[in-house]
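**Q** predicted model and sequence follow; I will ask about them next.
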Amino acid sequence: MRRCRFCKSEFEITGQDQAFYSKINVPEPTLCPDCRCQRRMTFRNERHLYQRNCDKCKKKFLSIYDNVPFDVYCYDCWWSEGWSSLQYGQDYDPKRPFFEQFGELVNKVPYLGIVTSFCENSDYANYTNYSKNCYLVFGCHAAENCYYGWRMHDSLNCIDCAQINKSKYCYECVDCDECYELFYSQDCNSCSGSAFLYDCRSCQDCLFCAGLRNQQYCIFNKQYSKEDYFKYKASLDFASNKVFLELEEKFSNWLKTFPRREIFVSNSENVSGDHISNCQNVRAAFNVKNVQDGAYLESCEDLKDAMDSTFCGWPAELNYEGISGGCVNSYNCKFVVVCWSCANLEYCDSCHNSKDLFGCFGLHNKNQFCILNKQYGEDEYLELKKKIIENFKEYGEFFNSALSPFSYNETVANEFYPLSKERALSLGFKWKEVDAQEYQPNKELSVCEQCGKNYKIIALELEFYKKYGIRLPAKCFGCRHQNRMNKRNSRKLYERKCGKCLAEIMTTYSPDRSEIVYCERCYMRGIY
């Protein structure tokens, strides 16, 4: 067992881990898997947007950077051929720490103000691509007419959802796939015309149900006739805040009596983690699809032979310590942030369509054999790279969080590993104070009942609520998002016994939680 350099907890480096480190020629990590993930996440600001001017064309646009010491370009200017990040190249100084030199480079090269690609009428979006008419959506792919969501992929007209795929007209859904007109539900697949469902498959016209398969006209898992079902449904007034809260509490209390499955895994072999599908030989993986031979992964897809990757894939192979698409359509990339369509990169940020780079930032015009944004010949590049690694005391570690342009509470690290301001500062993280203007009385805006922040309801959103008889939200988008995230279990696995057969299981439900947890066999025997 090793002791984490940051949190001091013990962690294991397995034989499989060692084989991978040897394969990609990096030393073993000094941080535990959670601290490694937390550090990577300090480089991803998803949902904090700021109005600013482009430092090149001067037009106003939305950016993920507020008051920063470097230039920030709008999308069109950053991707244009009117400038080159090679002009900021600098020589390597063997007498100075490498991270110090990299920090100087990233404060000289202009940053891309917001991370989107091939989007239309979706200015209020980030880490989103191929999307249209979206507002305040983050981490989405091919979304259309979607609002207030996180990782809503290939979906249409969905509002306030998190981690949904190929769904239409859904509201307040979490971890749902291929659903239609589904509301207030979690971990459902191919369900429609329903509300308040948990872990249901191929159900329609059901209310307040859990664990159902191929059912219709059910209420609290009890079968009703079509006429009685719709009579009961018509008696419910979801537009009434009082009625809604009563129904929500009633379903929550009933759900506590319903057994939970140990983990959500489908079509997978030799895996550990949660929400895993179509995977083989993955360990400590959460929210992953189509992954083969990986470990310590979060929100990855189409990935092969990779470790310590977060929001990566689509596809990627032989990657290590990447974040924010740091390994998207890439091969053999290590210690990278937001790098797409690249190969053989190490310690790079915001580099695209390039290969054979070390310690570079912002290269995106098919560059090769660069170090600190300076071009070299192939032999000279390989020789200097070898020399840098020999002198690089921290080689094998991801960027220190001090190099992140974001404060801790701006990043997804604070969602997955929440810290108080005092704790964050004591650990050496930066902290951003809230804008007091967002909390001042404003007759044109609503006030969040949870945090007191102002928020607005847009016209298209209101149209959706009226169409489906949904109450107006009483909380701001930030609190609604956090409440959805809180419904998902942590990224930790605990030893427990099956609540029915007493077999040993590994689950994301800690032993001190009150839920009844079944092993996969007992759970599948009990569902309808």
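**A** Cool, got the structure.

**Q** neighbours around the nearest residue to Cys339 once chain neighbours are set aside, how many?
**A** Leaving out its chain neighbours, the residue that sits closest to Cys339 by C-beta to C-beta, 6 or more residues apart in numbering is Cys351, at 4.8 Å. (Glycine included, C-beta is placed from N, CA and C.) Using other C-beta atoms under 10 Å, Cys351 has 27 neighbouring residues.

**Q** so Leu303 is in contact with Leu318, correct?
**A** No - assessed by C-beta atoms under 8 Å, Leu303 is found out of contact with Leu318, at 9.9 Å.

**Q** what lies in contact with the helix or strand harbouring Gly478?
**A** In the assignment (DSSP states H and E), Gly478 maps to helix 477-487. With contacts defined as C-beta atoms under 8 Å, 6 or more residues apart in numbering, helix 477-487 is touched by 47, 136, 148, 150, 160-162, 172, 174, 186, 415, 448, 450-451, 453, 455, 473, 475.

**Q** make it 10 Å
**A** Contacts to helix 477-487, defined as C-beta atoms under 10 Å, 6 or more residues apart in numbering, come from residues 46-48, 135-136, 138, 147-150, 159-163, 172-175, 186-187, 198, 412, 414-416, 418, 448-453, 455-456, 473-476.

**Q** list the buried ones in that helix?
**A** Neighbour-count burial for helix 477-487, with 16 or more other C-beta atoms under 10 Å as criterion, is recorded at Phe477, Gly478, Cys479, Arg480, His481, Gln482, Arg484.

**Q** repeat that for stretch 100-114.
**A** In stretch 100-114, counting by 16+ other C-beta under 10 Å, buried: Gln101, Phe102, Leu105, Val106, Asn107, Lys108, Val109, Pro110, Tyr111, Leu112, Gly113, Ile114.

**Q** burial of the residue nearest to Glu378 when sequence neighbours are not counted, as a residue count?
**A** Computed as C-beta to C-beta, 6+ apart, the closest residue to Glu378 that is not its neighbour in sequence is Phe369, at 5.5 Å. Phe369 has 21 neighbours, counted by other C-beta under 10 Å.

**Q** can you tell me the SS state at Phe369?
**A** When classified by DSSP: H, G, I helix; E, B strand; the rest coil, Phe369 comes out as strand.

**Q** could you check the pLDDT of the residue nearest to Cys339?
**A** On pLDDT, Cys351 comes in at 97.

**Q** residues in contact with Ala503?
**A** Contact partners of Ala503, counting by C-beta under 10 Å, 6+ apart, are Glu262, Arg496, Lys497, Tyr518, Cys519, Glu520, Arg521, Cys522.

**Q** what about 6 Å?
**A** Applying C-beta atoms under 6 Å, 6 or more residues apart in numbering, we find Ala503 in contact with Cys519.

**Q** same thing with Pro27?
**A** Pro27 touches Gly396, counting by C-beta under 6 Å, 6+ apart.

**Q** and it, how far is that from Cys339?
**A** Distance from Pro27 to Cys339, counting by C-beta to C-beta, to the nearest Å: 22 Å.
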